[in-house]
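> Fold the following, please.
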Amino acid sequence: MPVPDRPAYLRIADTLRERIRDGGYPPGARLPTMAQLCAAHGVSEIVVRQAIALLRGEGLVETRRGGGTVVRARPRVRRVAMDRYRAVTRPLAVPAAEPPSAPPPPPKTTFTHDQRIGWDEYRLDRVFARTHADAELAGLFELPVGTELLRRRFVFYARGEPQQISVNYLPWDLVGGTPVADPDREPWPGGTLAQLSYLGHPPTRVEEAVRARMPTPEESETLHMAAGVPVVAITRRMLSGPQIMEVCRDIVIPADRVVLDYAIDL
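The predicted structure is shown next:
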């Protein structure tokens, strides 16, 4: 049986998509007007609107009131590797010739390390609350359902732009009444790794599970995401010896802004 022709709106979307990806329409460029596309492809306005809607759903273009349809700027992509935890916790060697009065190294966290930004370019919105472990959290912590936890929701900014949401949990009997439970102490140099060390439980193992999903409306709005872009959601556990000290459910990053790098020594 012969394969039927693809619908016209898909063929138009294919043509525009290819021009966007090969640089024919660079970021910020306006696409041809509705009338121009109709004339070029010999179709109705409804067909062209379907093609544009498809590209908008893929996060490739955005329609601006009075400004037509423009190619969406490609966001800055950062590479995230597991060794970022080691890079933040590794002691910094001081050259022998350096005087003892030399200033300490600038503070950093895994986020500032990933983003390659200085401490003054880093901002953190936070909301702290006491809560109780649901069945999923209890399973991740290997604790009874209902165990009291500290819930911390963070929005991470680099150079003024929101880049990541993180919701992490710590046992209340570990952090209650300590500076770690005080939102005014954030951002804390070294992040959660340093906080657990401060509490006497330096992390010895980090576990991450990665999945992709579509963002919630709140996540999309908070992270200034384009329509059609999924997120990478990372569930993390930090252990100190056999004890699970922290669960992060989840670290949420727009998928078009991150590449996850994993290496295994064999």
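> Can you show me the CA trace of the strand or helix carrying residue 37 as PDB?
Using DSSP states H and E, residue 37 falls within helix 34-41. Provided in PDB are the C-alpha atoms of helix 34-41 (Å, rounded to 0.1, in the frame of the first residue of the first chain):
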ATOM      1  CA  MET A  34       1.000  34.100   8.100                       C
ATOM      2  CA  ALA A  35       0.200  35.500   4.700                       C
ATOM      3  CA  GLN A  36       3.700  34.800   3.300                       C
ATOM      4  CA  LEU A  37       3.600  31.200   4.600                       C
ATOM      5  CA  CYS A  38       0.100  30.600   3.200                       C
ATOM      6  CA  ALA A  39       1.300  31.900  -0.200                       C
ATOM      7  CA  ALA A  40       4.500  29.900  -0.200                       C
ATOM      8  CA  HIS A  41       2.900  26.600   0.600                       C
END
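> Give the other helices and strands that the helix or strand hosting residue 259 contacts.
Per DSSP H and E: residue 259 is located in strand 258-261. Packing contacts for strand 258-261, counted by 3 or more Cβ pairs under 8 Å, 6 or more residues apart in numbering; DSSP states H and E, involve strand 78-81. Yep, even glycine has a C-beta here, placed from its N, CA and C like the rest.
> mind running it again at 10 Å?
strand 78-81, strand 231-240 (3 or more Cβ pairs under 10 Å, 6 or more residues apart in numbering; DSSP states H and E).
> list the buried ones in whichever helix or strand comes after the last one?
Beyond strand 231-240 on the C-terminal side, the first helix or strand identified by DSSP H and E is strand 243-254. By neighbour count, with 16 or more other Cβ atoms under 10 Å as the criterion, the buried positions of strand 243-254 are 244, 245, 246, 247, 248, 249, 250, 251, 252, 253, 254.
> ok, back up a step: which secondary structure elements does the helix holding residue 37 contact?
Other helices and strands packing on helix 34-41, by 3+ Cβ pairs under 10 Å, 6+ apart, are helix 8-21, helix 45-57, strand 68-71.
> so how far is residue 265 from residue 180?
33 Å (Cβ to Cβ, to the nearest Å).
> more crowded one of those two?
For the pair residue 180 and residue 265, the greater number of neighbours falls to residue 180 (21 against 3), based on other Cβ atoms under 10 Å.
> what's the burial count for the nearest residue to the more buried one once chain neighbours are set aside?
In space, and not counting its chain neighbours, residue 180 is closest to residue 195: 4.7 Å by Cβ to Cβ, 6 or more residues apart in numbering. Residue 195 has 23 neighbouring residues, counting by other Cβ under 10 Å.
> Could you look up the SS state of residue 195?
helix (DSSP: H, G, I helix; E, B strand; the rest coil).
> My guess is it contacts residue 240. True?
No - when contacts are counted by Cβ atoms under 10 Å, residue 195 is not listed as touching residue 240 (11.7 Å).
> Which residues are in contact with each of those two?
Listed as contacting both residue 195 and residue 240 by Cβ atoms under 10 Å, 6 or more residues apart in numbering are 201, 203, 246.
> Residue 44: which of these is nearest?
Sorting the shared contacts of residue 195 and residue 240 by how near they are to residue 44, with Cβ to Cβ, puts residue 246 at the top with 56.3 Å.
> For the closest one, list the residues it contacts.
Contacts of residue 246 (Cβ under 10 Å, 6+ apart): 140-141, 150, 152, 168-171, 174-175, 192-193, 195-196, 201, 203, 206, 236-240.
> tell me the contacts of residue 187?
Neighbouring residues of residue 187 by Cβ under 10 Å, 6+ apart: 107, 109, 111, 112, 119, 122, 123, 124, 126, 154, 156.
> was I right about the fourth one contacting residue 189?
Yes - because the distance of 9.4 Å satisfies Cβ under 10 Å, residue 112 is recorded as touching residue 189.
> So for those two, which residue has more residues nearby?
Per other Cβ under 10 Å, whichever of residue 112 and residue 189 has more neighbours is residue 112, with 21 against 15.
> Verify the assumption that that one is located in a helix.
Yes - per three-state DSSP, residue 112 lies within a helix segment.
> Grab the nearest non-local neighbour of it.
Per Cβ to Cβ, 6+ apart, closest to residue 112 is residue 122, 5.2 Å.
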